[in-house]
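Chemist: Kindly generate the corresponding structure for this input.
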Amino acid sequence: MNFALPLWIDALGTVLLVLGAASALIGAIGLARLSDFYGRLHGPTKAVTLGVGCVLIASMVASSFGTGRVSLHELLITLFVFLTAPISAHLLVKAALKLDSRVRIPPAPRR
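Modeler: Residues are numbered from 1 along each chain as shown. Below you'll find the model as predicted:
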């Protein structure tokens, strides 16, 4: 499929792809450099979710304008990633807190 997109669509796609790649790179650096489990989980969860979202939105915009139809595949993938990544990170932290005896959450104050 060979189609030409308007310049502003190319510029928007380029900005989203560069932002997504930079965000994913920051998340990967955070994974490599942070020392404990919680830090290693926090960096990639936030940054890579944003990076993947930007790349998928760029793909959705280019595909929608290129074919003339709204591309729902990328939108569904984006929604799935935005819903599952924070939930899985939350479950991993809850499991780690339960297993790690050094970390204790203070009890809620009584009323």
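Chemist: State the phi and psi torsions of the residue nearest the centre of the chain.
Modeler: Computing the C-alpha centroid of the chain and ranking residues by C-alpha atoms, centre = their mean puts residue 49 first, at 0.5 Å. Phi and psi for residue 49, reported as degrees, to the nearest 10, are phi -60, psi -40.
Chemist: And for residue 31, the neighbour number?
Modeler: Neighbour count for residue 31, taken as other C-beta atoms under 10 Å: 17. All C-beta atoms are positioned from the backbone trio N, CA, C, and that covers glycine.
Chemist: So what does it look like in phi/psi?
Modeler: Main-chain dihedrals, residue 31, degrees, to the nearest 10: phi -60, psi -40.
Chemist: Equivalent analysis for residue 36, please.
Modeler: With angles defined as degrees, to the nearest 10, residue 36 sits at phi -110, psi 170.
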